[in-house]
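Colleague: I would like the atomic coordinates for the input below:
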Amino acid sequence: MAIKPLDLTRLRNIGIIAHIDAGKTTTTERVLYYTGNIHRIGEVHEGNATTDYMEQERERGITITAAAVTASWKDHQINIIDTPGHVDFTAEVQRSLRVLDGGIVVFDGVAGVEPQSETVWRQADDYRVPRICFVNKMDRTGADFNRCIQMMKDRLAANPVPIQIPVGSGNDFAGIIDLIRMEYVTYGDDLGTAIERHPIPAELEAEAQTRRAEMVESIVETDEFLLERYLMEEEITEDELISALRAATISGEIQPVLCGSALKNKGVQMLLDAVVDYLPSPLDIPPVEGTDPVSGERITRQASNDEPLAALVFKIVSDPFVGRLAFFRVYSGILETSSYVMNTTKNKRERIGRIVRMFADRREDVEAVQAGDIAAVLGLKDTFTGDTLADIEHPIILEQIKFPKPVIQVAVEPASKADQDKLSKALRALAEEDPTFTVTVDPELGQTIIAGMGELHLEVLVDRMKREFNVDATVGRPRVSYRETITRPTRVDTTFKRQSGGSGQYARVVVEFEPLSEEEREQNEDEELIFIDEIRGGAITREFVRATENGMREAMSGGVIAGYPVVGIKARLVDGAMHEVDSSEMSFKIAGSMCLKEGVQKGGPILLEPVMRVDVIVPDEHTGDVVGSLSSRRGIIQGMEPRGEGVSAVRAIVPLGEMFGYTTDLRNMTRGRGSFSMEFERYMPVPQNIADEIIKKG
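Modeller: Model (predicted):
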């Protein structure tokens with residue numbers, strides 16, 4: 001089958017990311033309208049936005065799952081992912097950023113940089129995603145473009161460079177000055193399609209010239225050749241500025257800032273122009289790196305159809321009508337229908353059935369997907385989030401996506417015997433979709449425990465279970481996922497010996513345990529145990545060392561204080577002994593498990609609790625009540641700052657266990673005018689009196 005090659009220079013894979021309610025979905029809806037994908041603009045508040053297609057999204061007016069859409073603008077194909085802003089669904093942002101080449105960060109013109117804006121910015125930094133900024137809601141009372149720019153510098157350590165400035169704000173928001181082309185842009189109709197370009201009015205000329213000079217200076221500083229010409233007072237052309245700004249945006253030195261009002265249909269076409277002009281194509285980013293599954297060597301793959309296939313699955317969606325959809329990004333080669341590929345992560349062959357290009361919840365069948373593109377495939381049996389699909393003859397494993405661990409859990413029980421099987425099936429499907437949602441069974445009580453990133457996260461999943469899978473289940477009260485750790489170093493010498501006729505079992509291990517330092521915790525965020533092999537002179541063979549480590553890792557699942565998982569431990573295997581007949585991998589695994597339990601017991605074990613970073617937006621007259629309430633919940637107030645007229649932001653860190661029911665309390669305290677967001681910060685020791693209560697309830 002002849003495939004018409006995709007012009008990669010005309011392809012953009014972008015995400016729209018922001019704090020909740022900054023206007024991501026509204027902006028996406030306008031993008032779809034202006035690119036001709038929809039013929040009527042849907043609204044979030046009316047429950048008919050295209051990318052918020054789940055019932056739960058339409059009811060709550062928030063984005064829950066990242067939706068993928070393909071659009072075209074000025075002969076460019078743009079794959080857009082509209083991501084959630086609520087912190088409970090941060091994994092959706094994480095996995096989207098892993099496969100995107102560029103991002104639009106949307107800011108609320110009144111609130112500026114909000115807590116989740118900081119989180120998504122950090123995630124974009126981690127994945128080195130170039131981004132442009134869109135200061136939205138310039139039509140709202142209290143919108144302040146300059147304050148937003150300053151907050152980006154102060155809070156995000158960013159280098160924002162305005163390439164537009166608004167004319168007026170609130171009800172007086174009249175238009176936008178384009179500093180690149182030095183034009184005054186206004187809109188002649190409510191749909192934003194009658195764009196009018198004028199010379200800059202005399203009364204705005206001075207400010208426009210000043211802001212343009214600042215912009216030009218910021219851009220030429222990133223380009224030695226242009227800087228030299230600028231210092232010699234030579235004229236820099238518009239094309240040269242655009243070219244230099246594009247290079248600086250892709251390298252992450254600059255983040256161009258645009259402005260407008262998506263709800264009032266102002267500034268969105270210019271935002272699309274900026275996506276084409278400044279965000280990278282798949283050819284502008286470094287070749288993807290991976291590992292050879294056989295030799296372990298590093299391999300790179302260029303974004304080209306001529307290279308062997310390498311694709312990363314970044315999202316699974318369970319569709320009640322067609323089964324499981326796997327979203328993937330092709331980094332190199334071509335993925336064709338009816339072909340066989342290797343899932344190198346699981347070492348299993350997969351047959352590619354239907355390939356579809358996504359338009360939110362609508363699908364369009366395609367025969368093949370080329371290097372650089374994003375699509376979805378139906379019918380994969382063993383492939384899940386983070387797995388690599390590769391050419392069978394040229395295997396490669398791409399770096400997996402890291403997700404945060406769940407911090408809150410509830411027990412679920414089927415309402416009747418008939419619901420038991422349906423519950424298992426529903427939980428399995430939801431866990432396959434969402435890597436931050438875990439399902440375990442309490443061995444003592446026989447209860448099914450589900451865990452996630454927050455109350456809203458679990459609430460939505462339980463709601464989906466009832467609606468999509470028709471499961472009637474009772475849900476317990478939310479419980480906090482505590483952890484256990486040690487506070488002091490200890491040395492443990494464990495011998496496991498069993499004789500029961502015939503060959504016995506024998507293993508001896510000597511291990512030095514110590515708690516991880518603060519620095520080690522940060523560097524090994526997801527590591528519960530750092531195991532170091534310091535065996536000298538072959539006292540224990542390689543296989544037995546590995547078995548000892550496996551035994552320890554299994555024992556980490558239940559601590560000695562209240563049976564919670566153990567974290568933050570460094571274990572050095574320093575000595576041991578084996579018997580030439582009676583030693584086996586199983587005996588060393590048991591010895592490792594026993595050794596860890598004893599090490600935790602002797603190491604001054606303590607309970608840890610998840611502590612959240614809480615940001616409360618509150619009217620000034622209620623600030624005292626909010627501060628008092630947070631303090632009574634064992635919160636530590638970290639600061640306060642003004643957020644527009646008569647409104648302040650209170651920032652604190654508060655244990656998660658104290659935050660249940662806070663929504664209702666805040667609503668009562670502020671007469672419905674306060675709002676808050678919270679995000680996992682870190683695990684901290686539980687005060688002894690609280691720990692005693694938790695253990696008693698345990």
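
Colleague: By mean pLDDT, point me to the weakest helix or strand of this protein.
Modeller: helix 55-60 (a mean of 38; mean pLDDT, DSSP states H and E).

Colleague: Which other helices and strands does the longest strand along the chain contact?
Modeller: In the chain, assigned by DSSP state E, the strand with the most residues is strand 606-619. Using 3 or more C-beta pairs under 8 Å, 6 or more residues apart in numbering; DSSP states H and E as the contact test, the elements touching strand 606-619 are strand 483-485, helix 623-632, strand 647-655, strand 675-685, helix 688-697. For every residue, glycine as well, the C-beta is placed using N, CA and C.

Colleague: Show me which of those has the highest average neighbour count.
Modeller: strand 483-485 (a mean of 23; mean count of other C-beta atoms under 10 Å).

Colleague: average pLDDT across stretch 165-176?
Modeller: Mean per-residue pLDDT for stretch 165-176: 90.

Colleague: ugh, wrong one, stretch 532-549
Modeller: Here the average pLDDT along stretch 532-549 is 88.

Colleague: in that stretch, what's buried?
Modeller: 535, 539-540, 544-549 (16 or more other C-beta atoms under 10 Å).

Colleague: CA atoms only: put that stretch into PDB for me.
Modeller: Output of stretch 532-549 as PDB, limited to C-alpha atoms (Å, rounded to 0.1, in the frame of the first residue of the first chain):
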ATOM      1  CA  ILE A 532      23.000  -2.100  47.900                       C
ATOM      2  CA  ASP A 533      25.000  -5.300  47.400                       C
ATOM      3  CA  GLU A 534      28.200  -5.200  49.400                       C
ATOM      4  CA  ILE A 535      29.000  -8.900  49.500                       C
ATOM      5  CA  ARG A 536      32.700  -9.600  49.100                       C
ATOM      6  CA  GLY A 537      34.500 -12.900  48.400                       C
ATOM      7  CA  GLY A 538      31.400 -14.700  47.100                       C
ATOM      8  CA  ALA A 539      29.900 -15.400  50.500                       C
ATOM      9  CA  ILE A 540      26.500 -15.500  48.700                       C
ATOM     10  CA  THR A 541      26.000 -16.100  45.000                       C
ATOM     11  CA  ARG A 542      24.400 -13.600  42.600                       C
ATOM     12  CA  GLU A 543      21.100 -15.500  42.500                       C
ATOM     13  CA  PHE A 544      20.800 -15.600  46.300                       C
ATOM     14  CA  VAL A 545      21.600 -11.800  46.500                       C
ATOM     15  CA  ARG A 546      18.700 -11.200  44.000                       C
ATOM     16  CA  ALA A 547      16.400 -13.500  46.000                       C
ATOM     17  CA  THR A 548      17.300 -11.700  49.200                       C
ATOM     18  CA  GLU A 549      16.400  -8.300  47.600                       C
END
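
Colleague: how distant is that stretch from the center of its chain?
Modeller: 38 Å (C-alpha atoms, centre = their mean, to the nearest Å).

Colleague: which outside residues touch it?
Modeller: 507, 509, 531, 570-578, 583, 585-586, 588-589, 591-592, 595 (C-beta atoms under 8 Å, 6 or more residues apart in numbering).

Colleague: quick one on the thing from earlier: turn the helices and strands packed on strand 606-619 into JSON lines, including mean pLDDT and distance to residue 370.
Modeller: Listed next are those as JSON lines, based on pLDDT from 0 to 100; distance: least, C-beta to C-beta, whole Å:
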{"stretch": "strand 483-485", "mean pLDDT": "90", "distance to residue 370": "45"}
{"stretch": "helix 623-632", "mean pLDDT": "92", "distance to residue 370": "52"}
{"stretch": "strand 647-655", "mean pLDDT": "89", "distance to residue 370": "46"}
{"stretch": "strand 675-685", "mean pLDDT": "81", "distance to residue 370": "38"}
{"stretch": "helix 688-697", "mean pLDDT": "84", "distance to residue 370": "54"}
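
Colleague: what would the ones you listed look like in TSV with distance to residue 329?
Modeller: Below are these laid out as TSV (distance: least, C-beta to C-beta, whole Å):
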stretch	distance to residue 329
strand 483-485	34
helix 623-632	42
strand 647-655	36
strand 675-685	27
helix 688-697	43
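
Colleague: So which of the ones you listed is nearest residue 31?
Modeller: strand 675-685 (25.4 Å; C-beta to C-beta).

Colleague: okay, how far is it across stretch 174-194, tip to tip?
Modeller: 14 Å (C-alpha to C-alpha, to the nearest Å).

Colleague: ok, residue 561 touching residue 485?
Modeller: No: with contact defined as C-beta atoms under 8 Å, residue 561 does not count as touching residue 485 (9.9 Å).

Colleague: okay, and the common contacts of the two?
Modeller: 605-606.

Colleague: Can you mark which positions in the one helix or strand residue 668 maps to are buried?
Modeller: Using DSSP states H and E, residue 668 maps to helix 662-669. Residues of helix 662-669 classed as buried: 662, 665-666, 669 (neighbour count, 16+ other C-beta under 10 Å).
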